[in-house]
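Trainee: quick one: sequence and predicted model below, then my questions.
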Amino acid sequence: MIIDTHFHAFPGKFLDLIPEARNDVRGVGFHAFDHREYLDVMDRYGIDIGVLSNTGGRIEKSSDRQQAQQLCQNLNVAFAEAHAKYPKRFMAFARLPMIDMEDCTRELERCYKELKMHGVMMPTNVAGKYIDEPEFKPFWDALAEGDKPLFIHPANAPCHSNWDRYSLHQKILWPTDSTLALSRIVYAGIFDRYPQLKMIASHLGGMILLYLDRLNWREGDPVCKEEPEAYFKKIYYDTAGPIRATFIKLVYDTVGADQILFGADYPHGRGGRDDQFYPMTLKAMMELEIPQSDKDKIYSLNAKKLFKL
């Protein structure tokens, strides 16, 4: 069994509101989320369940409170409908309007109580602000009450204009911003305030685990109570790119099989192919020299435990 926890979709009503989102940073056209098309791709590659999420950073960039609400509501309803129609194939992460904390917490409550969603996806920064800042405390309080996982996904950092040439923002800046956001969350003591917090870091956590020794340094007066490494090892890391068995093995050797989830970043790809990452990720998993019992944890058992399936 395979559960893909890094699985994106773009509902038609979302694309209608912001037509520019139909093209991603590589010029690859996004088309409206079609249940049958997604199921066909999942069947082709042996994916049993996809946990839907949306990377539309324009939600955070919008200064229009009403538009942000509408975008999130459309996304969340579309994903909830997919789960209701195919409960054994689709699950979903909610998106929240972070412009206003009252709107955010209200939508989170609706997503959990009415829409029965399975967690929250949050970008690494909200229009240049990082979510460890005090103004986002109501979000953390509401998230903790729901006791469901938070999926952290990269977004363009405030300095992204310096990285646009050669499309370096998607190649280097995004994993860098993941490293920054996750580090700030740890150093700010978020895990101490919310000890039951369940967090997923996309793309194997950016550069977190490569620089673990440096991240243990106490310069800058981090407020976390334990050594930072202890918190980083509580985070789940998904396998969505860099798609190499050697790097997955590094993560495996650092945090263990219990903290890794399968993810393939569908429908993103390179060169216009929106299913390209599935064969690459599955090949890396096949080449990974670890016990099959640990591969089974990565493929599905860890996700089952995390989502209480």
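Mentor: Right, received. Where do you want to start?

Trainee: I figured Gly119 hits Leu143, correct?
Mentor: No - contact between Gly119 and Leu143 fails when scored by Cβ atoms under 8 Å: they sit 9.1 Å apart. Every C-beta, even on glycine, is put in place using the N, C-alpha and C of the backbone.

Trainee: pull the number of nearby residues for Gly205.
Mentor: Neighbours of Gly205 under the rule other Cβ atoms under 10 Å: 25.

Trainee: what's the closest non-adjacent residue to it?
Mentor: Distance criterion Cβ to Cβ, 6 or more residues apart in numbering; nearest residue to Gly205, sequence neighbours excluded, is Tyr237 at 4.8 Å.

Trainee: and the host helix or strand of that neighbour, what other elements does it pack with?
Mentor: In this structure, Tyr237 sits in strand 236-238 according to DSSP states H and E. In this structure, strand 236-238 packs against strand 199-201, strand 260-261, with contacts taken as 3 or more Cβ pairs under 8 Å, 6 or more residues apart in numbering; DSSP states H and E.

Trainee: only the buried residues of the lengthiest helix in the chain, if you could.
Mentor: Counting residues, the longest helix in the chain under DSSP state H turns out to be helix 65-85. Of the residues in helix 65-85, 67-80, 82-83 count as buried by neighbour count, 16 or more other Cβ atoms under 10 Å.

Trainee: what's the answer for stretch 244-254, then?
Mentor: Neighbour-count burial for stretch 244-254 flags Ala245, Phe247, Ile248, Val251, Tyr252, Thr254 (criterion: 16+ other Cβ under 10 Å).

Trainee: I'd like the next helix or strand past the helix or strand of the chain with the lowest mean pLDDT.
Mentor: In the chain, no helix or strand scores lower on mean pLDDT, DSSP states H and E than helix 168, which sits at a mean of 63. Downstream of helix 168, the next assigned helix or strand under DSSP H and E is helix 174-187.

Trainee: off-centre distance for that next one?
Mentor: Chain-centre distance of helix 174-187: 13 Å, with Cα atoms, centre = their mean, to the nearest Å.

Trainee: what's it in contact with?
Mentor: With Cβ atoms under 8 Å, 6 or more residues apart in numbering as the test, helix 174-187 has contacts from 124-125, 130-132, 152-157, 191, 199, 201-203, 205-208, 211, 215, 220, 222-224, 228, 231-232, 235.

Trainee: so which of those residues sit within helices?
Mentor: Counting by DSSP H, the contacts of helix 174-187 contribute Phe191, Leu215, Pro228, Tyr231, Phe232 to helices.

Trainee: for those, give me a markdown table that also has neighbour count.
Mentor: Shown next, in a markdown table, are these (neighbours: other Cβ atoms under 10 Å):
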| residue | neighbour count |
| --- | --- |
| Phe191 | 21 |
| Leu215 | 21 |
| Pro228 | 20 |
| Tyr231 | 23 |
| Phe232 | 23 |
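
Trainee: from the residues you listed, which is closest to Asp34?
Mentor: Sorting the ones in helices among the contacts of helix 174-187 by distance to Asp34 puts Phe232 at the head of the list, at 37.6 Å, by Cβ to Cβ.

Trainee: got the CA coordinates for the longest helix of the chain in PDB?
Mentor: Extracted as PDB, the C-alpha positions of helix 65-85 are listed here (Å, rounded to 0.1, in the frame of the first residue of the first chain):
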ATOM      1  CA  ARG A  65      -9.400  39.600   3.200                       C
ATOM      2  CA  GLN A  66     -12.600  38.600   1.400                       C
ATOM      3  CA  GLN A  67     -10.700  37.100  -1.500                       C
ATOM      4  CA  ALA A  68      -8.400  35.100   0.800                       C
ATOM      5  CA  GLN A  69     -11.500  33.700   2.600                       C
ATOM      6  CA  GLN A  70     -13.100  32.800  -0.700                       C
ATOM      7  CA  LEU A  71     -10.000  31.100  -2.100                       C
ATOM      8  CA  CYS A  72      -9.600  29.000   1.000                       C
ATOM      9  CA  GLN A  73     -13.300  28.100   1.200                       C
ATOM     10  CA  ASN A  74     -13.400  27.000  -2.400                       C
ATOM     11  CA  LEU A  75     -10.300  24.900  -2.000                       C
ATOM     12  CA  ASN A  76     -11.500  23.300   1.100                       C
ATOM     13  CA  VAL A  77     -15.000  22.500  -0.100                       C
ATOM     14  CA  ALA A  78     -13.600  21.000  -3.300                       C
ATOM     15  CA  PHE A  79     -11.100  18.800  -1.400                       C
ATOM     16  CA  ALA A  80     -13.800  17.700   1.100                       C
ATOM     17  CA  GLU A  81     -16.100  16.800  -1.800                       C
ATOM     18  CA  ALA A  82     -13.400  14.600  -3.400                       C
ATOM     19  CA  HIS A  83     -12.900  12.800  -0.100                       C
ATOM     20  CA  ALA A  84     -16.600  12.400   0.400                       C
ATOM     21  CA  LYS A  85     -17.000  10.900  -3.100                       C
END
